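J.: Structure for the following, please:
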Amino acid sequence: MSEGDFFQEIEHEPIPWRQYQLHVPVFYADFMFMSVSMLAPAEGLRAILPSKRLNPYRITPWHGALSITAYQYRQCDLGPYNEVAIAIPVTIDRETPLFTGSLRKMPESPVLYVHHLPVTTEIARAVGAEFAGYPKFIAEIDFAEEGNWLTCAVSAQDSKILRLSGRKLDLERVPRYRVSPITYRRGYFLRSEFVISEREMGSSQSGQDVQLELGEHQIADELGGLNLGRVLGYQHCPRAQGILTPVFESFAA
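T.: As a prediction, the model looks like this:
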């Protein structure tokens, strides 16, 4: 599949908004990401989730998972920007089988409750918050390469939130992937879908390939209070394309 094929025959409707001309769905023509999923006590995750309808994955009888994904959107309908998603993989109104994500495979199209979503531009913040309830706020998000490692440093209001470092891994061709972000607004959950193209990606389950350092920001304190455990998975993708749909489902929390 050539790169241009990913967006072919998809209606890309212009929508006037404030002084801007937006497009729906949002096309991400070129982006990079690195992501880590870590073991976290289920009790702590449930305290974060805004409704008992959401259930964290049952990685063990006592643990779920928390994911941190850093995106560098180099070419996008909203202009270039960086973003870091702190999210919890969940199911709605039911629990996953025990050992999902450890002895059992993760669902092919996971649902993620988006808990924090710092971004680097005002238009990305405003559009995401207004149209889909994303918990976005402006932050400094800087990527750097240090030898065979890629790092992402996140801070806000002169306070360090986190620094995520991941090893550049050997790449393999992987298929198209879909994830459903869930947000919470005014008593309702809102669901969208983010489709990521076929791509080359490196994956590892070794804690030796990824490092997470927490700062002194209140979000760092919250993450530190979760007593995050071992690394369940780490991915590094140097280039991909994506499509973010509008909200297409809402349900009472």
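
J.: for this protein, which strand is longest?
T.: In the chain, with assignment by DSSP state E, the single longest strand is strand 26-41.

J.: got any ranges where the chain has weak pLDDT?
T.: Across the chain, the ranges flagged by pLDDT under 70 are 1-4, 99, 101-108.

J.: How far away from the center of its chain is the lengthiest helix in the chain?
T.: With DSSP state H setting the assignment, residue counts place helix 122-132 as the longest helix in the chain. Counting by CA atoms, centre = their mean, to the nearest Å, helix 122-132 is centred 16 Å from the centre of its parent chain.

J.: do the same with stretch 83-98
T.: 11 Å.

J.: Can I get it in CSV, CA atoms only?
T.: The C-alpha coordinates for stretch 83-98 follow below in CSV (Å, rounded to 0.1, in the frame of the first residue of the first chain):
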residue,chain,number,x,y,z
GLU,A,83,0.8,15.4,22.5
VAL,A,84,1.1,12.9,25.4
ALA,A,85,-1.8,10.7,26.3
ILE,A,86,-2.1,9.2,29.8
ALA,A,87,-4.8,6.6,29.6
ILE,A,88,-6.3,3.5,31.1
PRO,A,89,-7.4,0.5,29.0
VAL,A,90,-11.0,-0.3,30.0
THR,A,91,-14.1,-2.2,29.1
ILE,A,92,-17.6,-0.9,29.5
ASP,A,93,-20.2,-2.6,31.8
ARG,A,94,-18.2,-5.9,32.0
GLU,A,95,-14.8,-7.1,33.0
THR,A,96,-12.1,-8.6,30.8
PRO,A,97,-11.1,-12.3,31.4
LEU,A,98,-8.5,-12.6,34.1
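
J.: on that earlier part again, next secondary structure element downstream of the longest helix of the chain?
T.: strand 136-138 (DSSP states H and E).

J.: beta partners of T151?
T.: As for beta bridges, T151 partners with A144, S165 under DSSP bridges.

J.: close enough to count as contact, it and R167?
T.: No: the pair T151 and R167 does not pass the contact test of CB atoms under 8 Å, sitting 10.7 Å apart. (Glycine included, C-beta is placed from N, CA and C.)

J.: Remind me which helix or strand A87 belongs to.
T.: Applying DSSP H and E, one finds A87 within strand 81-92.

J.: Can you verify E222 is assigned to a helix?
T.: Yes: counting by DSSP: H, G, I helix; E, B strand; the rest coil, one finds E222 located in a helix.
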